[in-house]
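A.B. asks: Sequence and computational prediction follow.
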Amino acid sequence: MPIDAHEHIMIGEDLFAARSELLRQSLSEAGIGPAEIEDWLRIDMAFKKVLVKKSSADCKRRFFTDQILDFPNPTKLDKAS
């Protein structure tokens, strides 16, 4: 399940929004029609509540060897790099 696969990853609102936009763009580039894209994104949005966390303190390691993954705000990344 998505929650099990992502519980060690800090996914905030900004990261989820950036991922959703990338998903929209990739589906469009693949030639998927607008109605089907909206259907896909609506289903994808159903997972938001279990994936988005308020802080890395909300993350849990799945395995002893897991590290908590926390990424910078994707909307503030330098697009030139």
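C.D. replies: Perfect, I can see it now.
A.B. asks: Now Lys49: which helix or strand?
C.D. replies: In the assignment (DSSP states H and E), Lys49 maps to helix 48-51.
A.B. asks: Could you report the distance from Arg62 to Val50?
C.D. replies: Using Cβ to Cβ, to the nearest Å, Arg62 is found at 14 Å from Val50. (Glycine included, C-beta is placed from N, CA and C.)
A.B. asks: Show me where this protein dips below the pLDDT cut-off.
C.D. replies: Applying pLDDT under 70 to the chain flags residues 73-81.
A.B. asks: helices and strands around the helix holding Lys49, which ones?
C.D. replies: Here helix 48-51 touches helix 2-6, going by 3 or more Cβ pairs under 8 Å, 6 or more residues apart in numbering; DSSP states H and E.
A.B. asks: Output the helix it packs on in PDB with nothing but the alpha carbons.
C.D. replies: Extracted in PDB, the C-alpha atoms of helix 2-6 (Å, rounded to 0.1, in the frame of the first residue of the first chain):
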ATOM      1  CA  PRO A   2       1.200   3.600  -0.600                       C
ATOM      2  CA  ILE A   3       1.400   4.400   3.100                       C
ATOM      3  CA  ASP A   4       3.600   1.400   3.800                       C
ATOM      4  CA  ALA A   5       5.900   2.300   0.900                       C
ATOM      5  CA  HIS A   6       6.200   6.000   1.800                       C
END
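A.B. asks: What residues sit buried inside that helix?
C.D. replies: Neighbour-count burial for helix 2-6, counted by 16 or more other Cβ atoms under 10 Å, picks out His6.
A.B. asks: repeat for stretch 26-40
C.D. replies: Neighbour-count burial for stretch 26-40 [16+ other Cβ under 10 Å]: Leu27, Ile37.
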